[in-house]
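Asks: need the 3D shape of this:
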Amino acid sequence: MSLDAGGHLTHGHPLTISGKWFQPHCYGVDKDTSLINYDEVEAMAVTHKPKLIIAGGSAYSQVIDFKRFREIADKVGALLMVDMAHYAGLIAAGAYPSPVPYADVCTSTTHKTLRGPRGGIILSNSSEIAKKINSAVFPGAQGGPLMHVIAAKAVAFGEALRPEFKRYAQQIIKNMNAMCQALTERGFDLVSGGSVCHLVLVDLRSKKISGADAELTLDKAGITCNKNSIPYDPAPPRVGSGIRLGTAAVTTRGFLEEDCAQLGHLIADTLEGFVKSEGNNEEIESKTRTVVERLCEKHPIY
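Replies: Residues are numbered from 1 along each chain as shown. This is a model prediction of the structure:
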């Protein structure tokens, strides 16, 4: 998936190793719906005959049809790899469709929604592929293992097996729905109409503020997010016309729907204040930061 459509920087972008070692062909999303056009993916696969098809992304807020990707891969004799890093915790909890029955290889980080340590995992249903991956990891790319990270992964996997982890994943989605509703009420445009998972892209063009400026003013207000390209973005990636918001971290902290609705309104207040003040937004940033601090005191980390 192309970067501006919600794909991941590491999936063939020319600035990354994968883009230097391999010849990527990127698919996008429909201009009207911002959803993956599977017929277009199939047509591209038939034309280019890839050895590997990659599904998954870092800023796609709707369900990915992994079964359809499997059918496309089989049609052209390609392997299917799914990068499920952003959805892994939701998948483990049964709150988002699993690619494991369909993919030859699944890759994931162990942080993000899985909320474990900084690290990664590679899964495969094929013993032949697994053997090649193991050899590529060691001795191909890795020296001694980090035993403390392995232990932390084990703790995270253990937590993911518990009933309360399912409640956590369900709450992530409830919180995202509450935030999306608040932003929609304030007139913000959400890419693809909203979200069914833990993240959403906000298209800021109608609000006359860039992603870069939005990221900066929200950071000063105590709200961390990142600027992000949106589908068919007229702005360069370093500026972006959108921001990406997520509810996984605040849900872990204990935020509920009313907190995330309030957070949505605080985001709207801050961004609208930036535009109204023509960038001199210190007063609104300070007010927002005070409320954010109260929310954090209400839901302490420990």
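
Asks: all helices of the stretch 151-300 of the chain, in order?
Replies: For the stretch 151-300 of the chain, applying DSSP state H, counting those that start in this stretch gives helices covering 163-185, 211-220, 248-253, 257-276, 282-298.

Asks: could I get those helices as JSON lines with mean neighbour count, mean pLDDT and distance to Ser61?
Replies: From N, CA and C alone the C-beta is placed, and that goes for glycine too. Below are those laid out as JSON lines (neighbours: other CB atoms under 10 Å; pLDDT from 0 to 100; distance: least, CB to CB, whole Å):
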{"stretch": "helix 163-185", "mean neighbour count": "19", "mean pLDDT": "98", "distance to Ser61": "8"}
{"stretch": "helix 211-220", "mean neighbour count": "20", "mean pLDDT": "98", "distance to Ser61": "16"}
{"stretch": "helix 248-253", "mean neighbour count": "19", "mean pLDDT": "97", "distance to Ser61": "13"}
{"stretch": "helix 257-276", "mean neighbour count": "20", "mean pLDDT": "98", "distance to Ser61": "15"}
{"stretch": "helix 282-298", "mean neighbour count": "15", "mean pLDDT": "97", "distance to Ser61": "23"}
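
Asks: Ala136: which of these is closest?
Replies: Nearest to Ala136, of all the helices of the stretch 151-300 of the chain, is helix 248-253, at 29.9 Å by CB to CB.

Asks: related to what we said a few turns ago, of the helices of the stretch 151-300 of the chain, which is nearest Gly240?
Replies: Going by CB to CB, the one of these nearest Gly240 is helix 211-220, 3.1 Å.

Asks: quick check: chain neighbours aside, which residue is closest to the residue positioned nearest the centre of the chain?
Replies: The chain has Ser58 as the residue nearest its centroid, 3.6 Å off, counting by CA atoms, centre = their mean. Among residues not flanking Ser58 along the chain, His8 sits closest, at 4.5 Å (CB to CB, 6 or more residues apart in numbering).
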